[in-house]
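*Asks:* here are the coordinates; sequence isn't available:
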C-alpha cells in the first residue's frame, strides 16, 4: 500500500518494506549490484530488465555514488506504477565510480513512475540525500544487524 | 516483451529524463547538487542514445511514435483495463490475455498510444 503522505509528514521508513532491505548483498560488480537491488523489489523479469537498462543509462550520465560509501541509484519509468525503494549493504564494497572514488557499501534504490499523483519521488530522493549527509550514518549503516534496525535508524534520524 | 515496445518504453523514459534536465525543475537541481551531473553533457549523451534507438524502430512504428510524440506521451500503461493515456477502458480482448507479458505491440483504439499492459 502506498504511504499516506497527504496528512502526515513524509517519512522514509514508510516506503521501505523489510523484504526490500538486504544487509548482505552478494554482487561483485556495479551491474550485479543494480540487478540485486532490483531483485529486492520483486518485480517480474520484463519490468526488471527495463529498470536495469534505465538505471544503467542514468549511471552513464554520472555515477549516483555520492561519496562516503553511499550511492543512490534512481530512475523514473512507466513500468512501475508507484514509488518503490530498496536498501542494500555490501560489506566489502563495490567500485561504483563514486564521486570520491571510494568503494560503495550502501545502496538506496529509488524508482518511480513518470507521473505520480502524490509527487513523492523528489522528496524521497532529497530525504535519502539528507540522511547520507549525516556524519555518523555510514558507520551506523555498517553496524546494522537486522532490517528492523535499519528502519529504527531512519526513525532516529527523523528523515 | 515485444522488442519494439521495449524500445518505446526506454525512449519515453529517456525523453522524460532529458526534459527534466532541461527544465528549471527540482529534479534538475537535485541532479546537479547531489549527484554533480553536468546537464550539458548529460543532455548530449541522452540525445545520442535517443537518436540511436529511434533509428532502430521499424518504419510503421516510428511513424506513429513521431506523430504521438508531438502531443506528449507515446506509451501509456494500462492499469485495471484502463488506458492511462486517455482514461478510456480498453476492450478486455485486447489486454487480458497479454497483461504483464506484452508479447504483442498493442495500440489504444481511442487515443492511439502504444500500450504497456501491467499485470
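*Replies:* Received it, and whenever you're ready, just let me know what you need. Every value quoted in this text rests on a predicted model; they were computed, and no experiment measured them.

*Asks:* ok, so what distance separates residue A:102 from residue A:108?
*Replies:* Computed as CB to CB, to the nearest Å, the residue A:102 to residue A:108 distance reads 16 Å. Bear in mind the C-beta positions are built from the backbone N, C-alpha and C, glycine included.

*Asks:* who's more crowded, those two?
*Replies:* The neighbour comparison of residue A:102 against residue A:108 (other CB atoms under 10 Å in any protein chain shown) goes to residue A:108, with 26 against 15.

*Asks:* now do stretch B:72-92, average pLDDT.
*Replies:* Per-residue pLDDT values across stretch B:72-92 average out to 93.

*Asks:* and it, end to end?
*Replies:* By CA to CA, to the nearest Å, the extent of stretch B:72-92 from end to end equals 25 Å.

*Asks:* gap between it and the chain center?
*Replies:* Offset of stretch B:72-92 from its chain centre (CA atoms, centre = their mean, to the nearest Å): 13 Å.

*Asks:* wait, does that stretch contact chain A?
*Replies:* Yes - using CB under 8 Å from any CB of the partner chain, we find that stretch B:72-92 touches chain A at B:73, B:75-77, B:79.

*Asks:* please identify the buried residues of that stretch?
*Replies:* By neighbour count on 16 or more other CB atoms under 10 Å in any protein chain shown, the buried set for stretch B:72-92 is B:73-78, B:83-85, B:90.

*Asks:* could you do stretch B:16-26 as well?
*Replies:* So, applying 16+ other CB under 10 Å, buried residues of stretch B:16-26: B:16-18, B:20-21.

*Asks:* again, but for stretch A:15-28
*Replies:* Neighbour-count burial for stretch A:15-28 flags A:15-16, A:20-23, A:25, A:27 (criterion: 16+ other CB under 10 Å).

*Asks:* so which elements touch whichever helix or strand residue A:128 is part of?
*Replies:* Assigning secondary structure by DSSP states H and E places residue A:128 in helix A:121-133. Under the contact definition 3 or more CB pairs under 8 Å, 6 or more residues apart in numbering or on different chains; DSSP states H and E, helix A:121-133 sits against strand A:104-112, helix B:26-33.

*Asks:* can you list contacts of the shortest one?
*Replies:* For helix B:26-33, the external contacting residues (CB atoms under 8 Å, 6 or more residues apart in numbering or on different chains) are A:62, A:122, A:125-126, A:129, B:20-22, B:37, B:39, B:42.

*Asks:* is stretch B:43-58 positioned near chain A?
*Replies:* Yes - Stretch B:43-58 reaches chain A (CB under 8 Å from any CB) through B:45-46, B:49.

*Asks:* in strands, which of those fall?
*Replies:* For the residues of stretch B:43-58 next to chain A, not one is inside strands, with DSSP state E as the criterion.

*Asks:* top of these by number of neighbours, please.
*Replies:* Going by other CB under 10 Å, residue B:46 tops these with 20 neighbours.

*Asks:* got a pLDDT number for that residue?
*Replies:* Note for residue B:46: predicted pLDDT of 94.

*Asks:* and the nearest residue to it once chain neighbours are set aside, what helix or strand is that in?
*Replies:* Distances taken as CB to CB, 6 or more residues apart in numbering or on different chains put residue B:18 closest to residue B:46, at 4.5 Å, once the chain neighbours are dropped. Secondary structure assigned from DSSP H and E places residue B:18 in helix B:3-22.

*Asks:* right, I'll call it a day here.
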